[in-house]
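J.: Generate a structure from the sequence data that follows.
(2 chains)
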There are 2 protein chains.
Amino acid sequence: MLSSRIGILGGGQLGLMLLQAAVDWNLDIHVLDPDAEAPCRFIAPHFQQGSLQDFDTVYAFGKDLDIITIEIEKVNVDALEALEKLGKRVFPQPSVIRKIQDKRIQKQFFRDHFLPTADFILTETKADVALHLDFLPAFHKLGRDGYDGRGVQRISSGADLEKAFDAPGLLETAVPFEKEIAVIVGRNARGEMKTFPVVEMVFHPEHNLVDYLFAPALLDETVRLEAESIALRTAEAFGIVGVLAVEMFVRPGGEVLINEVAPRPHNSGHHTIRANATSQYEQHWRAILGLPLGSTEQFEPSAMVNLLGEDGHTGPAHYEGMESLLATAKVYPFLYGKATTRPFRKMGHVTILDQNTDDLKDKAEFVKKSIRVISQA
Amino acid sequence: MLSSRIGILGGGQLGLMLLQAAVDWNLDIHVLDPDAEAPCRFIAPHFQQGSLQDFDTVYAFGKDLDIITIEIEKVNVDALEALEKLGKRVFPQPSVIRKIQDKRIQKQFFRDHFLPTADFILTETKADVALHLDFLPAFHKLGRDGYDGRGVQRISSGADLEKAFDAPGLLETAVPFEKEIAVIVGRNARGEMKTFPVVEMVFHPEHNLVDYLFAPALLDETVRLEAESIALRTAEAFGIVGVLAVEMFVRPGGEVLINEVAPRPHNSGHHTIRANATSQYEQHWRAILGLPLGSTEQFEPSAMVNLLGEDGHTGPAHYEGMESLLATAKVYPFLYGKATTRPFRKMGHVTILDQNTDDLKDKAEFVKKSIRVISQA
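T.: Alright, predicted model coming up:
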């Protein structure tokens, strides 16, 4: 199984960390990405430039491989289904990617499987949204192709209607919540499942990207168990083979609702490389290669800070402040090798470990102040 | 500094682990190795086949790079000195490699710097050895090119004289010892130094390779401090920039003697990838890139088992028993990706972590019994 020819659709930072983990087992990996400058370009044993959304390109890429996986959902699922019919092992399964690719199908899937999620109404056009003023305040979400905070608009009242998308979407009740959390689950073909400890995400108020993350989340035990249980039930309902990231809200009072899921390694699991006995990336390999899952034990409390391109800076990336980070014990910058920075572009992240939770938060604040991704002067 | 063009002389397993660590910082790495099938061949951003011992090849490889390092000592030091004169940063420094490359110069260096080591006599020929029967029992060591147990012969008495090398070497008193230990030291150009916790090596009685390793070593506190102090003094005496592995003997009574040193990441530090806050590979990058050294804190007791090619097996490598290893928590196989196995060839290693030292030793024994590197049936 370790000698399989493996393909990854997507050569971004998640692919890069999958490749790094794959070095341990000397896996033979082929990467497809539309960008000749993708983060994986130098490290991938085999790198091919090409569209992830073109049937012929994806099919041609996969037809001489044994196992195909993804690091991004926006891929041609028809091609993956055709590869599956050829006898290729495609994990996560195309049927799972198809359900998750479209937020409308994803939400309906939660409802159909009694997985708790905020109430919603499917909408086809902007005019449709206007018919549901009684459902506001709500979030209007694009069915397809939204990511990283794009494709979501808050519609507080009728006055915001012009912000709604004029495309198939869903209107989701704006649920007041206390915390946003995530659980990554690994599941292999035998149905073995393991959760990583719950992480807590802190969002930046302005650009709606994860600002930093703490793991394990500080939660009541009952809430923690509920979150883990929901994550396991969700992975089981999809029958996914691979890792599944389940993002959830914790409401005042402790109710836990699913926000959305991702059928791949996730931004909320980068810290597992340093903090846990098995990283989410190694767990993904284990799951899709049909191997036993690894221990998800966490050695120390951990924080993760995203390195976003500084506002007002576009051009060749320069990392200011790396040395002071590296002078601090157990602070681990990880750079994605993207040639150019743009405002709020994900350029890297920093994992931080500390036995003491207060010291951990102090270190996270220090990291946020110390490093900036700017364009070269 | 992180955008430097970096070269590694040697593309074996140590180079592979250096490359894996370098992914975090997106380092631009070029690898030179004589073997087109070297472990680094697929992962290196730039891989070039060529001799490490040919002046022109090494010089041409290094002349367009900024920083040059090694993963093996057997390289053309004249070329490295010429590159240094060109203004390249070459770490470890050529002068250090030159002293360590030849065991005779290395031993004399210890003596000159009052670094404790077993008594020795330099010899030029086999006939020379016969003049020192009163010095037996002793080990006869080749000055150059011995490695992994080769280039060393035990001469117990005059009857063993035919085993002596007919080449420049040294005769070293056979010192009875209780333990063989190693300390890896990182040292950067500012003279900052950090030691990794002492490791204890257990040798296989037959083929004289490390059988397994425990870290931290179980030692009296005074012996531990003495070992760390010797390692630091040795790194300081050489003035090395990079990591230095210092192998030592502990004699009955606690005296610590240096056996030999290696000016690069070392087999006795593989476990630091999983067990320590900073791996020896990352520490090497920090040291040679002029960055602050990382914390060497160890999270849990660790063992490391070498995966050697099974006796009687030569041919395409097959790893038998991987799945049972991977089913055990905190057991981490690392395969070097060498195409063919040979008896006792280093094909990989397994790192093992456990809070409990007894359980750790049990797991190490389990690992040794569970996995075999054989040629494909």
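
J.: what's the span of stretch A:36-53, first residue to last?
T.: Taking Cα to Cα, to the nearest Å, the span from the opening residue of stretch A:36-53 to its closing residue is 16 Å.

J.: List the contacts of it.
T.: Among residues not part of stretch A:36-53, those counted as contacts by Cβ atoms under 8 Å, 6 or more residues apart in numbering or on different chains are A:8-13, A:15-16, A:19-20, A:28-35, A:57-58, A:61, A:72, A:74-76, A:336-339, B:19, B:23, B:26, B:28, B:42-43, B:45-46. All C-beta spots, glycine's among them, are computed from the backbone N, C-alpha and C.

J.: So which of these belong to strands?
T.: Residues of these located in strands (DSSP state E): A:I8, A:L9, A:D28, A:I29, A:H30, A:V31, A:L32, A:D33, B:D28, B:H46.

J.: List buried residues within the residues you listed.
T.: Buried residues within the ones in strands among the contacts of stretch A:36-53, defined by neighbour count using 16 or more other Cβ atoms under 10 Å in any protein chain shown: A:I8, A:L9, A:D28, A:I29, A:H30, A:V31, A:L32, A:D33, B:D28.

J.: Can you name the residues of the stretch 251-377 of chain A that neighbour chain B?
T.: Taking Cβ under 8 Å from any Cβ of the partner chain as the measure of proximity, the stretch 251-377 of chain A contacts chain B at A:277, A:286, A:291-292, A:294-295, A:297, A:299-300, A:319, A:322-323, A:326-327, A:329-330, A:332-337, A:353.

J.: Just the buried ones from the contacts of stretch A:36-53?
T.: When burial is judged by neighbour count using 16+ other Cβ under 10 Å, the buried members of these are A:8-13, A:15-16, A:19-20, A:28-33, A:57-58, A:61, A:72, A:75-76, A:336-338, B:19, B:23, B:26, B:28, B:42-43, B:45.

J.: So which elements touch the lengthiest helix in chain A?
T.: Using DSSP state H to assign secondary structure, the helix with the most residues in chain A is helix A:221-238. For helix A:221-238, the helices and strands in contact under the criterion 3 or more Cβ pairs under 8 Å, 6 or more residues apart in numbering or on different chains; DSSP states H and E are helix A:94-101, helix A:103-112, strand A:179-187, strand A:193-195, strand A:242-250, strand A:256-262.

J.: Could you look up the SS state of the residue lying closest to A:V198 once chain neighbours are set aside?
T.: Once its chain neighbours are removed from consideration, A:V198 has its nearest residue in A:A217; the separation is 4.3 Å (Cβ to Cβ, 6 or more residues apart in numbering or on different chains). For A:A217, the assignment made with DSSP: H, G, I helix; E, B strand; the rest coil gives coil.

J.: who's in contact with A:A217?
T.: Contact partners of A:A217, counting by Cβ under 8 Å, 6+ apart, are A:K179, A:I181, A:P197, A:V198, A:V199, A:E200, A:R224.

J.: out of the residues you listed, what pair is the most spread apart?
T.: Between any two of the contacts of A:A217, the greatest separation by Cβ to Cβ is 14.4 Å, found for A:K179 and A:P197.

J.: circling back: among the residues of the stretch 251-377 of chain A next to chain B, which ones are in helices?
T.: Here DSSP H is the test, and those give A:R286, A:M322, A:E323, A:L326 as lying in helices.

J.: correct me, but the first one touches A:A189?
T.: No: the pair A:R286 and A:A189 fails to qualify as a contact (Cβ atoms under 8 Å) at a distance of 11.0 Å.

J.: Show me which of those two is the more surrounded one.
T.: Neighbours were counted for A:R286 and for A:A189 using other Cβ atoms under 10 Å in any protein chain shown; A:R286 has more, 23 against 15.

J.: Quick check: closest non-adjacent residue to the more buried one.
T.: What sits nearest to A:R286 in space, not counting adjacent residues and going by Cβ to Cβ, 6+ apart, is A:L293, at 5.4 Å.

J.: ok, the helix or strand where A:L308 lies: who's next to it in the sheet?
T.: Counting by DSSP states H and E, the secondary-structure element that holds A:L308 is strand A:302-308. Neighbouring strands of strand A:302-308 in its sheet, by DSSP bridges, are strand A:210-215 (antiparallel), strand A:346-353 (antiparallel).

J.: Any idea which of those gets closest to A:K88?
T.: strand A:346-353 (30.3 Å).

J.: That closest one: what's the following helix or strand?
T.: Elements were assigned by DSSP H and E; along the chain past strand A:346-353, the next helix or strand is helix A:357-370.

J.: Now do A:R111 against chain B, distance only.
T.: Using Cβ to the nearest Cβ, to the nearest Å, we find A:R111 at a distance of 37 Å from chain B.

J.: and the helix or strand A:L122 falls within, C-alpha only, in CSV?
T.: Under the criterion DSSP H and E, the helix or strand holding A:L122 is strand A:120-123. The C-alpha atoms that make up strand A:120-123 are tabulated as CSV, following Å, rounded to 0.1, in the frame of the first residue of the first chain:
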residue,chain,number,x,y,z
PHE,A,120,-32.1,27.5,6.8
ILE,A,121,-34.1,28.1,3.7
LEU,A,122,-32.8,27.4,0.2
THR,A,123,-32.9,30.4,-2.2
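
J.: Stretch A:125-137: how far from the chain's middle?
T.: Put simply, stretch A:125-137 sits 29 Å off its chain's centre (Cα atoms, centre = their mean, to the nearest Å).

J.: I should have written stretch A:309-318 there, sorry.
T.: If you compare the mean C-alpha spot of stretch A:309-318 with that of the full chain, they lie 23 Å apart, counting by Cα atoms, centre = their mean.

J.: which residues touch it?
T.: Applying Cβ under 8 Å, 6+ apart, the external contacts of stretch A:309-318 come out as A:338-345, A:347, A:372-377.

J.: Please repeat the previous calculation with a cut-off of 7 Å.
T.: Defining contact as Cβ atoms under 7 Å, 6 or more residues apart in numbering or on different chains, one finds that stretch A:309-318 is touched by A:338-345, A:347, A:372-376.

J.: what's the answer for stretch A:131-145, then?
T.: Outside of stretch A:131-145, the residues within contact range by Cβ under 7 Å, 6+ apart are A:74, A:101-104, A:121, A:129, A:151-158, A:164-165, A:167-174.

J.: cutoff 6 Å now
T.: By Cβ atoms under 6 Å, 6 or more residues apart in numbering or on different chains, the surrounding residues in contact with stretch A:131-145 are A:102-104, A:121, A:129, A:151-158, A:164-165, A:168-174.

J.: Quick one: end-to-end distance for it.
T.: So stretch A:131-145: terminal residues 24 Å apart, Cα to Cα.
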